[in-house]
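Structure of the sequence below:
(one chain, ligands or ions: 1)
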Amino acid sequence: MAGRRVVVFPSSAELGPVLAQLVKSRAEKAIISHGRFTLGLSGGSLVSMLSKELPALPDLDCSKWVVAFCDERLVSFDDPESTYGLYKGQLFSKVNIPDSGILTIDSSLAVNECAEDYTRKLKEAFPDGDFPVFDLLLLGMGPDGHTCSLFPDHPLLEETKKIVAPISDSPKPPPQRVTMTFPVVNSAHCVAFVSTGGSKAPVLKEVLEGREGPAFPAARVVPTNGELFWLVDDPAAASLTIQVERLGSGAKL
Ligand SMILES: O=C(O)[C@H](O)[C@@H](O)[C@H](O)[C@H](O)COP(=O)(O)O
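Got it, this is the predicted structure:
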């Protein structure tokens, strides 16, 4: 790993603009280095944060972006639970990501076929290597320590071969989902978690400061050669005793 940075902001209002700058700077770097920017999105509070902050950036050019979903709920796109549906309504309508650069699941398929179809789309977009190497993955973490749709104590945590896995017993509804696997997550050039609010404080402490026994899924995110950011707010960081960086809204990562 290129090093973990735990960065604490006074609130999500300060965190949001810094996250947007991180996305922009990694996009510019990737486009200079290999002609496109590959980004993996997650649901949760990231949807509204990115939808507010990215379109507000001056001169944001997304014409060379390729966007995929770190996990997705198997519901139709017009269902309020659809992560793609939320981004479509709130973000994709405001920025110039080409339609051909947005890799979505086929929500009409059964969950196993849906995972196979999404795997095929990712392989087409990333023809080299065993696993896609994203320039940036944006992740959230649930209060149980899950990330993507990788839940505590689930057999999927041990998956080593698949790029995308189906899950039909998600403890958090909706039960049917598809998710990127740890080999994909840990192959990325850069992974950034965003975790805010006091409900995250106990689990954040466990994930960042360790505990005996099996690790929380979020603690298994350790990019092999990439950067790892934990962008959190003061309430989420309230129980941490490790050294953290404290930044405000104008900071650049
Ligand atoms: O698929 C889901 O059920 C959610 O997307 C979920 O995984 C979410 O990303 C985390 O619970 C973090 O949520 P917050 O961003 O709201 O903290």
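
so the closest residue to Thr160 other than its chain neighbours is in which element?
Excluding the flanking residues, the one nearest Thr160 by C-beta to C-beta, 6 or more residues apart in numbering is Pro183, at 6.1 Å. Bear in mind the C-beta positions are built from the backbone N, C-alpha and C, glycine included. Take DSSP states H and E as the rule and Pro183 turns out to sit in helix 182-185.

Show me how far that helix is from its chain's centre.
Put simply, helix 182-185 sits 11 Å off its chain's centre (C-alpha atoms, centre = their mean, to the nearest Å).

quick one, helices of the stretch 51-200 of the chain?
Listed in chain order, the helices of the stretch 51-200 of the chain (DSSP state H, counting those that start in this stretch) span 83-87, 111-125, 182-185.

Give me the packing partners of the first one, helices and strands only.
Think helix 83-87. Judged by 3 or more C-beta pairs under 8 Å, 6 or more residues apart in numbering; DSSP states H and E, helix 83-87 is in contact with helix 46-53, strand 71-73.

closest to Pro98 out of these?
helix 46-53 (17.6 Å; C-beta to C-beta).

Now do the closest one: everything it contacts.
Applying C-beta atoms under 8 Å, 6 or more residues apart in numbering, the external contacts of helix 46-53 come out as 12, 15-17, 19-20, 23, 41, 83, 86-87, 90-91, 94, 138, 140, 194.

which of those residues count as buried?
The neighbour count (16 or more other C-beta atoms under 10 Å) marks 12, 15-17, 19-20, 23, 41, 83, 86-87, 91, 138, 140, 194 as buried among these.

From these, pick out the ones that also neighbour the ligand.
With C-beta under 6 Å from any ligand atom as the criterion, those include Gly140 near the ligand.

out of the buried ones among the contacts of helix 46-53, what pair is the most spread apart?
Using C-beta to C-beta, the buried ones among the contacts of helix 46-53 span at most 22.5 Å, a distance reached by Pro17 and Thr83.
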